[in-house]
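Colleague: Sequence plus predicted model, see below.
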Protein chains: 2
Amino acid sequence: MGLTKAEEFTKNQKDLASYGKALAHPARIAILKHLVKMKSCVCGDIVDELPLSQSTVSQHLKELKVAGLIKGNINGASVCYCIDEANWAKAKAALGGLFESYQGQNCC
Amino acid sequence: MGLTKAEEFTKNQKDLASYGKALAHPARIAILKHLVKMKSCVCGDIVDELPLSQSTVSQHLKELKVAGLIKGNINGASVCYCIDEANWAKAKAALGGLFESYQGQNCC
DNA sequence: AACCTTTATCGTAAAATAACGATTATTGTA
DNA sequence: TACAATAATCGTTATTTTACGATAAAGGTT
């Protein structure tokens, strides 16, 4: 993202931007939708669902994990990813709050 | 964002990602919150609110406009920006739908 | 007409992102 | 123990993003 002056913003603004960033790629949206639908999910299954290489999918999974939206549990040789319920609720509340704070009525 | 294979995803996935991208920077979150709160808003006022140069803010405004979340009306020498009510509702519904589609219950 | 204000655009540089193949580490299996 | 499978990480490249100053365009003002 080039030069970033993000330090100068509030925690709430940075949190919201962080959730936005996690959602800012169709592959990550696809991963999240898959996890929501399937509940259980081995990493390999996600790779098979997407038109991307294993390493690229792994990167997207990492970003979602860093943003807190998902978590991964090692299960033998594979890893089971799923929605991180607590943080999902936080993101939902934060984004929902933003969108609901607008009640219509503009000047233009 | 580097090489993008976004063509291979569904319209819904791309739409959601587009909204995510619009929200992916604290400055744009700040702009949106300001517009929600103030209702009326001259571009210059937004510049004054942010720790960024006029040209950088103008770029962020453009991105929000491209994503459809805001619109600008020329008002003499200045421009009045505000929330685009229709698209705001669409984004709210799309993101809300994603977050509400998860009903808890994971394997991990 | 000359000038100031306001905002968009241009040109540029630094940094992040997206993508891939190759490699590594770990676990399970023959 | 040797080998296959799984997933993370490394190294690299192309593209996009962020940011800024400078300039341009357009609208007011004197």
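Modeller: Right, received. Where do you want to start? Residues are numbered from 1 along each chain as shown, chains lettered A, B, ... in the order given.

Colleague: does A:Cys108 count as helix, strand or coil?
Modeller: Here A:Cys108 is coil, with the state taken from DSSP: H, G, I helix; E, B strand; the rest coil.

Colleague: Equivalent analysis for A:Ala24, please.
Modeller: Strictly by three-state DSSP, A:Ala24 counts as coil.

Colleague: Contact partners for it?
Modeller: Listed by C-beta atoms under 8 Å, 6 or more residues apart in numbering or on different chains, the contact partners of A:Ala24 are B:1, B:17, B:20-21, B:23-24. All C-beta atoms are positioned from the backbone trio N, CA, C, and that covers glycine.

Colleague: For PyMOL, write the selection for the buried entries among the residues you listed.
Modeller: To isolate the buried ones among the contacts of A:Ala24 in PyMOL, judged by 16 or more other C-beta atoms under 10 Å in any protein chain shown, type:
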select buried, chain B and resi 17+20+21+23+24
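
Colleague: Can you pull out the low-pLDDT segments for chain A?
Modeller: A:1-3, A:5-7, A:39-40 (pLDDT under 70).

Colleague: for the longest helix along chain A, packing partners?
Modeller: Ranked by residue count, the top helix of chain A under DSSP state H comes out as helix A:85-100. The contact analysis (3 or more C-beta pairs under 8 Å, 6 or more residues apart in numbering or on different chains; DSSP states H and E) places helix A:85-100 against helix A:11-22, helix B:26-38, helix B:85-100.

Colleague: of all those helices, which lies closest to A:Gly97?
Modeller: A:Gly97 lies closest to helix A:11-22 among those, at 8.9 Å (C-beta to C-beta).
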